[in-house]
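J.: quick one, structure for this:
(chains A and B)
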Number of protein chains: 2
Amino acid sequence: MQISQRVQNLVLSPIRALAPYADAATAKGIKVYHLNIGQPDIETPAQFMEAIRQYDHKIVAYGNSQGEKSLLQAIAGYYKSWDMPYTADNIFITNGGSEALSFAIGSLCDPDDELLVFEPYYANYNSFAALGNVKVVGIPTDPANGYRLPDQATVEKYLTPKTRAILVTNPGNPTGVVFNKQEMEMLTRVALKHNLGLIADEVYREFVYDGAYQSFGTIRELDDHLVIIDSVSKRYSACGARIGCIITRNAELCKQLKKCCASRLCVAGIMQEAAAALYSTPKSYLEAVNQEYKKRRDTIKAELAKIPGLTSSEPQGAFYVMVKLPVDNAKDFAIWLLKDFNVNGETVMYAPGNGFYVDPRNGINEARLAYVINCEDIKKAIGLLAAGVKAYNSRSK
Amino acid sequence: MQISQRVQNLVLSPIRALAPYADAATAKGIKVYHLNIGQPDIETPAQFMEAIRQYDHKIVAYGNSQGEKSLLQAIAGYYKSWDMPYTADNIFITNGGSEALSFAIGSLCDPDDELLVFEPYYANYNSFAALGNVKVVGIPTDPANGYRLPDQATVEKYLTPKTRAILVTNPGNPTGVVFNKQEMEMLTRVALKHNLGLIADEVYREFVYDGAYQSFGTIRELDDHLVIIDSVSKRYSACGARIGCIITRNAELCKQLKKCCASRLCVAGIMQEAAAALYSTPKSYLEAVNQEYKKRRDTIKAELAKIPGLTSSEPQGAFYVMVKLPVDNAKDFAIWLLKDFNVNGETVMYAPGNGFYVDPRNGINEARLAYVINCEDIKKAIGLLAAGVKAYNSRSK
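T.: Below you'll find the model as predicted:
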C-alpha cells in the first residue's frame, strides 16, 4: 500500500527530535539538563486532582461536542476578567492547543492555501499545516533587531491571492518577544485590509514579565477576523491534561467549528471537569508562577551574557529565549553535547533553531532554550553550555 | 475572512443532527427513548475510576507521543489473547477511535485520493475524509440481501488510479452485519492484488452474537496492508475516556504514525492509565455484556417483526440494526416523532438512514436503531415506533 505524501512531508519536531541521544546519555548515567522542551516543573494546582477524585459517574459517557458547560463557563469567566466579551457560545474545547490549531488552520485554509508566520515560529505549526496540505510562508525577523516584526509594507510583500491567514504566537515561542502596540496595530490593519484571518496563539498570556500585555481579543474591530488559541497546559502546568480551546466571535466560523467538534464526538469529560476546576485557582497562584519565571528569565539572561560571541532575543514573556550560538552548526553541537561531552557526568540539551524556520538552512546556528527549570539548575545548564562551546570550538577535527 | 471549502463541506452527523428537536421535546416534558446514538447504558468497570483515584503525580506533564507504556502493553496483551502478534511498537494511542481514523485516512490518502466504503457506512467517516480532502466512494449493498458485500468483480468496478484504501467496519455500523469467510477473503484479495490499504474498524469486536468472529489481524498475508482501528469506548463502555488506537505491522506506516503522534504531543496520560486498567477487567465482564446485548438484539428483532411493511438487516454483531421503514421519508418522520407525536408523554428517536450514504438521496426511508437501552425500554421504544408509523401514515396532510 502507498503512504501519503503529506505524512512523508511531516518533519519531526526539533523539540523532540534529539530525544534518542538524550536517552542514550541518560542510559550511560549522564544527567541531562533539559532546556529543549516547554514542560514546566511547576506543580499543577491541587484543584485539578481534587476535581478528578470527586468525579463520580457510573458510565464514562460521551459528552457535549463543543465542550462541557462547566468548562465553557469557567473559560468565559476568565476572559471576562481580562475584559474580553467571549461567551460560552464562542468557545470550543479541544484536545490541547494542538487540536485547536488544526481546527483553526483547517477552517480557514483549503489545500494549497497559504498561512503566514513570522520566523522563527513554533515548529509544530508545520505539522498541522502539512496534514491539511496548507503552505506555511515564513516572513523573516532579524535576531540582530531582537526578532521584532517588520513593517506593514514588508509584510504585504508576502501576500498572494492564496494567503488566508496570519498565525502569530504572543507572547512568542521560541523568541519570548511580546508584541508592542505598533506591531498589534500593524497586524490588525493587514488582517482587515486584506480580509485575512488572524490566528493568535496566546497560550503564554499569563507569562509576561515587563510591562502590560494586550490580547488581540481586546481589539473589537478584529472580531470577525480573530481566532484565539488557548490552553491550560502552560497556564496551570497541566500539559498532560490535553485541554485547549479555540475562541472566535465570527458567527460563520462558530457554525463550522461546531461541525469540526461533532466530527470527533467529544473531548474527555473528566479532563474538562478538572480543567474547569483549575480556573478557580486563586490569582495568587498565577502571580507566584509569573514571579518565579521572571527570576528564571533574569537568571538565564545574566548567564547567557557571560558566553562570548552569543547573542540572544530579549524575552519579555513565555519561557523561551532564542539564541545565536558561537558555533557553526547548532544541531551538530547539540548532538555532540549529548554524545561526546559532559562535565562531572552532566550535560545540557536544547532545541536546534533551524527547525523553527520554513527552510531549515536558516537559523543554522540558532537554538531555543526553555527556562522551565529552577534558577540553580539554569545556572548549571548555561555553565555547561558555556563549557561546551569552548570545548567544541577548540576540539581537533 | 474566508472560511475553507472543506469545513463547509462537513455534514453534521445524522446521529446528532436532530438533537435540537429532542431537546425541545424533553423541554416540553416528553420522555424520548434514544435509539439514535451508540452510547451504551452499561456501567464502566470500576477499574477505570479506581485507576484515576490512584493517579498521583504532582505535575500533570506531557507523556510519550505514541502512548503510555502501561497502556501499549495492556493492548498488546489483549491482542495476544486474540492470537494476533501485535507488539507495543505496532500500537499508537489516539484521542478516541476518531483520531485513529483521521491518522489512518491522512496517512494513506492525499487530497483527491479515493477511499472505498460499503454503503451504508458509519457517517463520521465522511468528516475525517472531508477534513483531509479525501473522496469517499460508496459501493452499495442491498437491504434485500441483508447488506452483504458484493463479489470481487463488482468491487473492482469502483477502483480508479486514485483508490488508496478500503475502509470497513466489522462488526458493522450501522448494519450489525459480521463478515463471513468469503467476504474477508475477497477483501484480502482485492487489497493485495491492487496494493491498497485495508482499514479495519473493529471497535465492536467483542460484540458478536452468532458464531465465531475473525479479525483481519489474524490474516498474516495482510500484514503490510492492514490498519486496525480500535477503542475502549464500546468495549468497556468508556466512550467519554476518548482512548483509541491505530495498529499496524507495516513498518513504513509505523514510522509515519510516530510523526503524526508527535505533532499533537500526546494523549491525556490519566485517561491512558485508566484505560490500561480496563484491560485487566475479568473476561466475565465482556461475556456478561455480550449476553445482555444478545438479549437486546433478539428483543429488538422480535419487536421490529411486528411492524407491517418494515424490513431490517440481520444484525449479528455491534449494537445497531438498519431498517427500511414503511414511510416515505425517514428524516421527516423522525422529526415528526419528536415534534408532533407522543403516547402518554413518550416518544422515540433514531438516526435517519440517508446520512449513512455518500449521496443522501439514497437510504431515504432507512434508519439506524441503536439497541443500547434495556429490553423493557426497547419494547416500549419499538412500540412507540409502531404506533408512530401508523399515526404518521394515516395523518391528514
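J.: which parts of the stretch 1-150 of chain A are helices?
T.: Here the stretch 1-150 of chain A has its helices, by DSSP state H, counting those that start in this stretch, at A:5-8, A:19-27, A:46-54, A:69-81, A:96-108, A:125-131.
J.: and the closest residue to residue A:243 other than its chain neighbours, helix, strand or coil?
T.: Excluding the flanking residues, the one nearest residue A:243 by CB to CB, 6 or more residues apart in numbering or on different chains is residue A:275, at 4.1 Å. (Each C-beta comes from the backbone N, C-alpha and C, glycine too.) What DSSP: H, G, I helix; E, B strand; the rest coil gives for residue A:275 is helix.
J.: so which of the helices of the stretch 1-150 of chain A is the most packed in?
T.: By mean neighbour count, with neighbours taken as mean count of other CB atoms under 10 Å in any protein chain shown, helix A:96-108 ranks first of the helices of the stretch 1-150 of chain A at a mean of 27.
J.: just the CA trace of that one, in CSV.
T.: Output of helix A:96-108 as CSV, limited to C-alpha atoms (Å, rounded to 0.1, in the frame of the first residue of the first chain):
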residue,chain,number,x,y,z
GLY,A,96,-5.0,20.6,23.7
GLY,A,97,-3.9,23.7,21.9
SER,A,98,-2.8,21.2,19.2
GLU,A,99,-6.3,20.3,18.0
ALA,A,100,-7.3,24.0,18.3
LEU,A,101,-4.6,24.8,15.8
SER,A,102,-5.6,22.0,13.5
PHE,A,103,-9.2,23.2,13.5
ALA,A,104,-8.2,26.9,13.0
ILE,A,105,-5.9,26.2,10.1
GLY,A,106,-8.3,23.6,8.5
SER,A,107,-11.2,26.0,8.8
LEU,A,108,-9.5,29.0,7.2
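J.: just the mean pLDDT for that helix, thanks.
T.: Across helix A:96-108, the average pLDDT comes to 98.
J.: how close does residue A:30 get to residue B:104?
T.: 39 Å (CB to CB, to the nearest Å).
J.: show me the domain layout of chain A.
T.: A:5-43+A:284-393, A:46-278 (automatic domain parsing).
J.: highest mean neighbour count out of these?
T.: Most buried of the domains of chain A by mean neighbour count (mean count of other CB under 10 Å) is domain A:46-278; its value is a mean of 21.
J.: which SS class is the residue minimising distance to the centre of chain A?
T.: Central residue of chain A (CA atoms, centre = their mean): residue A:173, 5.0 Å from the mean position. The three-state label given to residue A:173 by three-state DSSP is coil.
J.: taking the stretch 101-250 of chain A, what residue is nearest to chain B?
T.: Chain B sits closest to residue A:127 of the stretch 101-250 of chain A, with a gap of 3.3 Å, by CB to the nearest CB.
J.: which residues touch that residue?
T.: Residue A:127 sits next to A:10-11, A:13, B:259, B:262-264 when contact means CB atoms under 8 Å, 6 or more residues apart in numbering or on different chains.
J.: of all these, which comes closest to residue B:147?
T.: residue B:264 (35.5 Å; CB to CB).
J.: what's the closest non-adjacent residue to that closest one?
T.: Nearest residue to residue B:264 in three dimensions, chain neighbours excluded: residue A:98, at 3.9 Å (CB to CB, 6+ apart).
J.: the one you found contacts residue A:131, doesn't it?
T.: No. Using CB atoms under 8 Å, residue A:98 is not in contact with residue A:131; the gap is 10.9 Å.
J.: what residues does the stretch 51-200 of chain A have near chain B?
T.: Contact residues (CB under 8 Å from any CB of the partner chain) of the stretch 51-200 of chain A with chain B: A:52-53, A:55-63, A:65, A:95-96, A:98-99, A:102, A:106-111, A:113, A:124, A:127-128, A:131-133, A:164-165, A:191, A:195-197.
J.: could you rerun that using 7 Å?
T.: A:52-53, A:58-63, A:95-96, A:98-99, A:106-111, A:124, A:127-128, A:131, A:133, A:164, A:195-197 (CB under 7 Å from any CB of the partner chain).
J.: centre of the chain to the longest helix along chain A, how far?
T.: Using DSSP state H to define each element, chain A has its longest helix at helix A:283-304. How far helix A:283-304 lies from its chain's middle: 18 Å, per CA atoms, centre = their mean, to the nearest Å.
J.: torsion angles phi and psi at the nearest residue to residue A:31 once chain neighbours are set aside?
T.: Excluding the flanking residues, the one nearest residue A:31 by CB to CB, 6+ apart is residue A:346, at 4.7 Å. For residue A:346, the backbone dihedrals are phi -130, psi 150 (criterion: degrees, to the nearest 10).
J.: now the helices for the stretch 201-350 of chain A?
T.: Along the stretch 201-350 of chain A, counting by DSSP H, counting those that start in this stretch, helices occupy A:251-263, A:269-278, A:283-304, A:330-339.
J.: what packs against the first one?
T.: Here helix A:251-263 is seen to pack against helix A:96-108, helix B:5-8, helix B:125-131 when contacts are counted using 3 or more CB pairs under 7 Å, 6 or more residues apart in numbering or on different chains; DSSP states H and E.
J.: what's the average pLDDT for stretch A:229-242?
T.: 96.
J.: what do you get for stretch A:66-77?
T.: Averaging pLDDT along stretch A:66-77 gives 97.
J.: for the helices and strands packed on helix A:251-263, give me CSV that also has distance to residue B:76.
T.: Output for the helices and strands packed on helix A:251-263, formatted as CSV (distance: least, CB to CB, whole Å):
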stretch, distance to residue B:76
helix A:96-108, 26
helix B:5-8, 36
helix B:125-131, 25
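J.: tell me which of those helices lies nearest to residue B:18.
T.: Comparing the helices and strands packed on helix A:251-263 under CB to CB, the one sitting nearest is helix B:125-131, at 17.1 Å.
J.: mean confidence for that closest one?
T.: Averaged across helix B:125-131, the pLDDT comes to 96.
J.: gap between that helix and the chain center?
T.: 14 Å.
J.: isn't the residue nearest to residue A:243 right up against residue A:70?
T.: No. Taking contacts as CB atoms under 7 Å, residue A:275 lies outside contact range of residue A:70: 9.2 Å.
J.: who's the closest spatial neighbour of residue A:146, skipping the chain neighbours?
T.: Counting by CB to CB, 6+ apart, residue A:146 lies nearest to residue A:314, which is 5.0 Å off, once chain neighbours are set aside.
J.: how much space between that neighbour and residue B:102?
T.: Applying CB to CB, the value for residue A:314 to residue B:102 is 40 Å.
J.: other SSEs contacting whichever strand or helix holds residue A:199?
T.: Using DSSP states H and E, residue A:199 sits within strand A:197-201. Judged by 3+ CB pairs under 7 Å, 6+ apart, strand A:197-201 is in contact with helix A:96-108, strand A:163-169, strand A:226-231.
J.: where does the prediction get shaky in the stretch 51-200 of chain A?
T.: Along the stretch 51-200 of chain A, no part satisfies pLDDT under 70.
J.: please state the offset of stretch A:122-140 from the chain centre?
T.: Chain-centre distance of stretch A:122-140: 14 Å, with CA atoms, centre = their mean.
J.: convert it to PDB, retaining C-alpha atoms only.
T.: Output of stretch A:122-140 as PDB, limited to C-alpha atoms (Å, rounded to 0.1, in the frame of the first residue of the first chain):
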ATOM      1  CA  TYR A 122       6.700  27.300  16.900                       C
ATOM      2  CA  ALA A 123       7.800  24.300  14.900                       C
ATOM      3  CA  ASN A 124       4.600  22.200  15.400                       C
ATOM      4  CA  TYR A 125       2.600  24.600  13.300                       C
ATOM      5  CA  ASN A 126       4.300  22.900  10.400                       C
ATOM      6  CA  SER A 127       2.700  19.600  11.200                       C
ATOM      7  CA  PHE A 128      -0.900  20.900  11.500                       C
ATOM      8  CA  ALA A 129      -0.400  22.800   8.200                       C
ATOM      9  CA  ALA A 130       1.200  19.700   6.400                       C
ATOM     10  CA  LEU A 131      -1.600  17.400   7.500                       C
ATOM     11  CA  GLY A 132      -4.100  19.800   5.900                       C
ATOM     12  CA  ASN A 133      -1.900  20.500   2.900                       C
ATOM     13  CA  VAL A 134      -1.600  24.100   3.700                       C
ATOM     14  CA  LYS A 135       1.600  26.000   2.700                       C
ATOM     15  CA  VAL A 136       3.400  27.800   5.500                       C
ATOM     16  CA  VAL A 137       5.000  31.100   4.300                       C
ATOM     17  CA  GLY A 138       7.700  32.500   6.600                       C
ATOM     18  CA  ILE A 139       8.400  36.200   7.000                       C
ATOM     19  CA  PRO A 140      11.800  36.600   8.500                       C
END
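J.: appreciated, that's everything.
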